[in-house]
Structures are given as C-alpha cells and as structure tokens.
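Enquirer: Sequence and predicted structure, then a few things I'm wondering about:
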Amino acid sequence: MTTISNFFREQAAKLQPKLVEMRRELHLHPELSNEEHETTARIRAWLEELGIRLLELNLPTGVLAEVKGELPGPTIMLRADIDALPVQEETGLPFASTVPGKMHACGHDFHTASMIGAAALLKERAGELRGTVRILFQPAEELAVGARAVIAAGALEGVSAVFGMHNKPELPVGTVGIRTGPLMASVDRFEIEVQGKGGHAGMPESAVDPVVVSSAIVTALQTLVSRNASPHHSAVVSVCKLQAGSTWNVIPDTGVLEGTVRTFQPEARASIPGQMERVVEGVAAGYGARAKLKWTAMLPAVNNDANMAEIMRAAADAQGLQVAEAVPTMGGEDFALYQELVPGCFIWMGTGGTEQWHHPKFTLNEDALAISASLFAEAAVLALKEIG
Ligand SMILES: [Zn+2]
Ligand SMILES: [Zn+2]
C-alpha cells in the first residue's frame, strides 16, 4: 500500500516540470510589492487549472485559496509570499527577469510555485483530509505591509495554525532548518531629530553644534546593547543614516539620525525605546541641545510554536529530509504577524545557492520545488490530525 507520504513524494516528482515552468514564468515577470497584478492573475489561473477553489481576499493583489477535506476538522493555513525587489538581475540565466531593475532576488517565485504544488497534492487526497487547508499567496512582504493587510481583510479568521518558509541558500537541497522559538528578529525603526543652534564655524562659542551632539548620540547608543540589554537577550541597534549641515564653514542648526533595532525577545523589544529615549535626550541636554526620538514599531519576531515546529519536524522525517537546527537571523519577516494571532512555524528550505537574498546574482536550485510541495502537503495533513 502506498502511504500518503510516498504518494506526495511521487506526485510531487511528476509535478516538478510544471512547478519549474511556473517558477520561471514568475521569475521572467517580477512585480514589486503591492504591484503584483499580473502575478496575482497568473496564480489564480494556475490554481483554477488545478481545480483549486479560490476565496475572496478583497485586496488589490494576492490570492487566497482552499482545499476542503471531505472529513470535518479545523482549518490551517500555508503561506507563500509573491513580491519581487527593485534589483537589476545579473544571473545571466535564460529565464532572467525581463523587467529592467526588477528581480525575484529573494526567491518568492520559488515560494509561490512550491505552495501551488502543495495545494495540488492536497487536492488529490481531499477525500482523506480532516479539515481545510487555506493557501495564502501574500503580497508586499518586502515592505512588511502585506501580512497586516491580509489580516485586516479577515483571511486568518477561523485559522488554527499557520506554516511558511523561506528558501535558504546556505542549506543544501534536501535539508530543512527548523527551530522552536525565535527565528527572525523583530524590526523597529527610529528617527532622532537633534535641535542645536547654527552659527559661524569660527565662532563655536555662540552656537550649539548638532554635528557634535549627533556624533555623541551615535556613540552613546552603542552602549544600549552592551550595558542596558540583558546578556541573555540578543539585540542590534544600527544607526544607518546621519545627516547634518550643508557646507564646510557653517555650523548647522539641526541633525537627523535614522536606524533600526532588532531583537528576538519581546522583553528587550519593549524596554529599548525607553532606554534609547533616555540616552538621546540626556546626551543632547549635556551639550545644551534638544533631541527627540520618534519610534515606529514595525514587526515582532518570527517565533515558532513548539508543537507546530514538532509537526514540521515529523513532516520532514516522513518525507525523508535532513532536519538541521535552524540558525536564526536578525532579518525580519511579516509572517511574524500571523504568529501573534495563531501558533505557527516558519522554516528554512535548503535551496543551495551561492549568493545571499537580495543579491543581483541570487539563484536557487529548483529541485527544491517538489521537495517543498510534498513537505508542506505532509505538514498540512499532520497539522489537521494534531489540531483536530
Ligand atoms: Zn527579501
Ligand atoms: Zn524573502
């Protein structure tokens, strides 16, 4: 008797040429965040061709679909992202981007084709499925606004668990990285306005120099992680923009700093803005200047639920894949917003490339398409069983 695991593996192998074709079609025609209109139309057409039911998502771009099992049970969600980046492709591949300055340099074309594959496999075994699998093709991940829009549109209502992945160039094909707890960092943004007093470069005694104050703030912020955050937590504070003045002999009036804070722990994320405000205002006051911190909370950390991670491990085992302990990164992912609402697991899918995400020469090994499709079909079946 063929087990469902074997069935998924064999069918995924048969689907592979079609998955490659879809991935390349998307790769040829990349669209930026919230502009994924043709991508949306293509995904809808492919799903319809496969007989998969489309649901109303009520967003300009993105697709929501479902495979309803014939047996009653809970609803879980598989999520792919669909947007590309403003990067000029330099891979020289025969199916390289045809759009100047735009490229699927993060591999979201791969995620999309993989999840269409998973939906197709699940559809073939709908008779034994205990519940419903919703498949989401999310827009605008790169701008960290897509998941929020999807949630506001109600796509997560009734969903008990969510699963997703990112391709991982460092991992070989056939290996998946899975981990319980934080996998990707929270992402917040700050802006600091320094108000000094401009004047003549030769007469600093009558000015309050915002260049000096801004520099002192940059230096002082370096102690936030080393002296304020707990040694048991991990955090990054990066000042990435520093602007003041317009010429060589005038002390300017103001300075502006911008940057980002990344952490894995909610406690660290909650305490840093207050500590930063104290440092910023205190340093400025010491120089007789004023400084104001503007904090923009963007994304929580991707934090994997222990039970959902266990389901992914069991699915990977059943599919004969190598499971590695996933190495966390300080990059962010708006998948985290789904995990604030329902338990979920986000994994690394080994795609064996030489370049990192967002690089103009970013590539991936397409053999991982069928592997991803059967892994997520398997995970969906296991999750419905576990949760139901
Ligand atoms: Zn990206
Ligand atoms: Zn990405």
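Expert: Now that the structure is in, tell me what you want to look at. Ligands and ions are numbered 1, 2, ... in the order given.
Enquirer: Can you show me the helices along this protein?
Expert: Secondary structure of the chain (DSSP state H): helices located at 4-28, 37-49, 108-124, 146-152, 210-223, 266-286, 306-318, 335-341, 368-387.
Enquirer: Is it possible to get TSV of those that adds mean pLDDT?
Expert: Rendered in TSV, the data for those read as follows (pLDDT from 0 to 100):
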stretch	mean pLDDT
helix 4-28	98
helix 37-49	98
helix 108-124	98
helix 146-152	98
helix 210-223	97
helix 266-286	96
helix 306-318	98
helix 335-341	98
helix 368-387	97
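Enquirer: For G259, which of these is the nearest?
Expert: Ranking the helices of the chain by distance to G259, with CB to CB as the measure, places helix 210-223 first at 8.0 Å. For the C-beta atoms, the positions are set from N, CA and C on the backbone; glycine is no exception.
Enquirer: Among the helices of the chain, which comes closest to D253?
Expert: Of all these, it is helix 210-223 that lies closest to D253, at 6.8 Å by CB to CB.
Enquirer: Tell me which residues of that closest one come out buried.
Expert: By neighbour count with 16 or more other CB atoms under 10 Å, helix 210-223 contains the buried residues P210, V212, V213, S214, S215, A216, I217, A220, L221.
Enquirer: Around the nearest residue to the second one once chain neighbours are set aside, count how many other residues there are.
Expert: Across the structure, with CB to CB, 6 or more residues apart in numbering as the measure, the residue nearest V212 apart from its sequence neighbours is Y287 (6.7 Å). For Y287, the neighbour count with other CB atoms under 10 Å is 18.
Enquirer: do you know how far Y287 is from K294?
Expert: The gap separating Y287 from K294 is 20 Å, by CB to CB, to the nearest Å.
Enquirer: and what of A13?
Expert: The span separating A13 from K294 equals 53 Å under the rule CB to CB.
Enquirer: Neighbour count for these two, which is higher?
Expert: Ranked by neighbour count (other CB under 10 Å), A13 and K294 place A13 first, with 13 against 10.
Enquirer: which parts of stretch 148-161 are buried?
Expert: Of the residues in stretch 148-161, those scored as buried under the neighbour-count criterion (16+ other CB under 10 Å) are A149, V150, I151, A155, L156, V159, S160, A161.
Enquirer: returning to that earlier point: what's the closest of the buried residues of helix 210-223 to A113?
Expert: Checking the buried residues of helix 210-223 against A113 with CB to CB, the nearest one is L221 at 42.5 Å.
Enquirer: buried sites along stretch 222-237?
Expert: Neighbour count says stretch 222-237 has L224, V225, N228, A229, H233, S234, A235, V237 buried, by 16+ other CB under 10 Å.
Enquirer: quick one, what contacts the nearest residue to G286 once chain neighbours are set aside?
Expert: When the adjacent residues along the chain are set aside, G286 lies closest to A216, with 7.8 Å between them (CB to CB, 6+ apart). Going by CB atoms under 8 Å, 6 or more residues apart in numbering, A216 touches V283, G286, Y287.
Enquirer: how close does the second one get to T223?
Expert: Meaning G286. Relative to T223, G286 is positioned 14 Å away (criterion: CB to CB).
Enquirer: for this structure, which residue is closest to the average position?
Expert: If you average the C-alpha coordinates of the chain and look for the closest C-alpha using CA atoms, centre = their mean, you land on E333, 2.4 Å from that point.
Enquirer: what's near enough to touch that residue?
Expert: With contact set as CB under 8 Å, 6+ apart, E333 has these partners: E141, H166, M184, L299, V302, F346.
Enquirer: Can you check the pLDDT for it?
Expert: Model confidence at E333, given as pLDDT, is 98.
Enquirer: ok, now how distant is it from D81?
Expert: Using CB to CB, which is the criterion applied here, E333 is 9 Å from D81.
Enquirer: Equivalent analysis for D317, please.
Expert: 26 Å.
Enquirer: Give me the more crowded residue out of these two.
Expert: Set side by side, D317 and D81 give different neighbour counts by other CB under 10 Å, the larger being at D81 (28 against 13).
Enquirer: what's the nearest residue to the more buried one if we skip its chain neighbours?
Expert: E141 (3.7 Å).
Enquirer: Look up how far L85 lies from the nearest residue to V20 once chain neighbours are set aside.
Expert: Taking CB to CB, 6+ apart as the measure, V20 lies nearest to E366, with 5.2 Å between them; neighbours along the chain are not counted. Between E366 and L85 the computed distance is 19 Å (CB to CB).
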